[in-house]
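A.B. asks: sharing a model prediction with you, sequence too.
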Amino acid sequence: MTRNVLLNNVEHKDLRVITKRGAAYGDDVMFAVTFPSEFRNVQAHYPIVFQKSHDGRGFQPVALLGLRAGQNLFLKGDRWDAPYVPLAIERQPFLIGFDRDELMVHIDLDSPRVSQTEGEPVFLPYGGTTEFLERASSMLLAIHEGLQSNTAFTQVLLQHELLEPFALDIERPDGSQHRFAGFYTIHEERLAKLGGPALESLHQAGHLFGIYMAIASLSRLRDLIQRAQALGE
């Protein structure tokens, strides 16, 4: 359950946010939504793949954190075992809301990260915003702008038929097989066959960089598999 409300320094003057990591705080997720302007940071640690939208008409890029539902292979107790945490994870429990078309910071009061006694203060004693909240606001703006860019990015991929389904057959330590499927990657052969005008168009629109970042990120699949095997999965 969620209880999203507009954040304000009167009703929420004593709120704190727990920044520790762990399944108890909702970090046990298989993937996190990402966007092209975040790809440079994400690709260094996580595979970037594409997931079909709920209506089946579009796609969204995601950073893979695990190989099955509810699995986050980067959780090590109460810490995150990578230098970079995807913004869609790090921004919790804050969300973007709208008030008369103006972007406003909301907070999920039912989040296990929200506390009155533990964690980072959201407001200063006399009502001003803390550096912690200012950073959260910047993250939310980056996410909002990034998610808006996803539509154009994935539409171009579909236009050039650059998405293809992929599957991995993973051998578990006990010798059994696990098939990982349901996601899409960039079709590298079709990309290589695109003509000059198409590539120039992708470059001018700023999409070519994101495409190559997504391709480069697939080298992180091996790390993901090794993390799973180390756990006996």
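C.D. replies: Great, that's in hand. Numbering: from 1, shown residues only.
A.B. asks: ok, now how distant is the closest residue to residue 173 other than its chain neighbours from residue 162?
C.D. replies: Leaving aside its sequence neighbours, residue 173 sits nearest to residue 232 (CB to CB, 6 or more residues apart in numbering; 5.3 Å). C-betas here are computed from N, CA, C, even on glycine. Separation of residue 232 from residue 162 (CB to CB, to the nearest Å): 36 Å.
A.B. asks: so the two - more neighbours on which side?
C.D. replies: Between residue 232 and residue 162, counting by other CB atoms under 10 Å, residue 162 is the more crowded of the two (23 against 8).
A.B. asks: could you find the closest non-adjacent residue to the more buried one?
C.D. replies: In space, residue 162 is closest to residue 187, 5.2 Å off (CB to CB, 6+ apart).
A.B. asks: dump the residue contacts of the one you found.
C.D. replies: 161-164 (CB atoms under 8 Å, 6 or more residues apart in numbering).
A.B. asks: cool, residue 128 as well?
C.D. replies: residue 9.
A.B. asks: repeat that for residue 120.
C.D. replies: Per CB under 8 Å, 6+ apart, neighbours of residue 120: 16-19, 130, 132.
A.B. asks: do the same with residue 28
C.D. replies: Here residue 28 is in contact with 70-72, 75 (criterion: CB under 8 Å, 6+ apart).
A.B. asks: mind doing that once more with 10 Å?
C.D. replies: Residues in contact with residue 28 (CB atoms under 10 Å, 6 or more residues apart in numbering) are 22, 65-66, 69-72, 75.
A.B. asks: write a ChimeraX command that selects only the buried members of the residues you listed.
C.D. replies: If you want just the buried ones from the contacts of residue 28 in ChimeraX, going by 16 or more other CB atoms under 10 Å, the selection is:
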select :22,65,66,71,72,75
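A.B. asks: in strands, which of the contacts of residue 28 appear?
C.D. replies: Among the contacts of residue 28, the members falling in strands are residue 75 (criterion: DSSP state E).
A.B. asks: residue 181: which of the contacts of residue 28 is nearest?
C.D. replies: residue 69 (13.0 Å; CB to CB).
A.B. asks: pLDDT below threshold where in this protein?
C.D. replies: The chain contains residues with pLDDT under 70 at 1.
A.B. asks: in it, what residue spans correspond to helices?
C.D. replies: 39-43, 87-90, 131-159, 188-192, 196-204, 207-217, 221-230 (DSSP state H).
A.B. asks: quick one: closest of those helices to residue 52.
C.D. replies: Among those, if distance is taken as CB to CB, the winner is helix 131-159, at 10.1 Å.
A.B. asks: what comes up buried for the closest one?
C.D. replies: 132-133, 136-137, 139-140, 143, 146, 150, 153-154, 156-157.
A.B. asks: and the angle for that helix with helix 207-217?
C.D. replies: Compare the direction of helix 131-159 with that of helix 207-217 by axes from the mean of the first three to the mean of the last three CA atoms, to 10 degrees and you get 100 degrees.
A.B. asks: off-centre distance for helix 131-159?
C.D. replies: 10 Å (CA atoms, centre = their mean, to the nearest Å).
A.B. asks: do stretch 44-63 as well
C.D. replies: 9 Å.
A.B. asks: and if you look at stretch 192-201?
C.D. replies: 29 Å.
A.B. asks: which residues touch it?
C.D. replies: With CB under 10 Å, 6+ apart, stretch 192-201 has contacts from 156, 159-160, 162, 187, 191, 202, 207-208, 211.
A.B. asks: list the buried ones in that stretch?
C.D. replies: Neighbour-count burial for stretch 192-201, with 16+ other CB under 10 Å as criterion, is recorded at residue 201.
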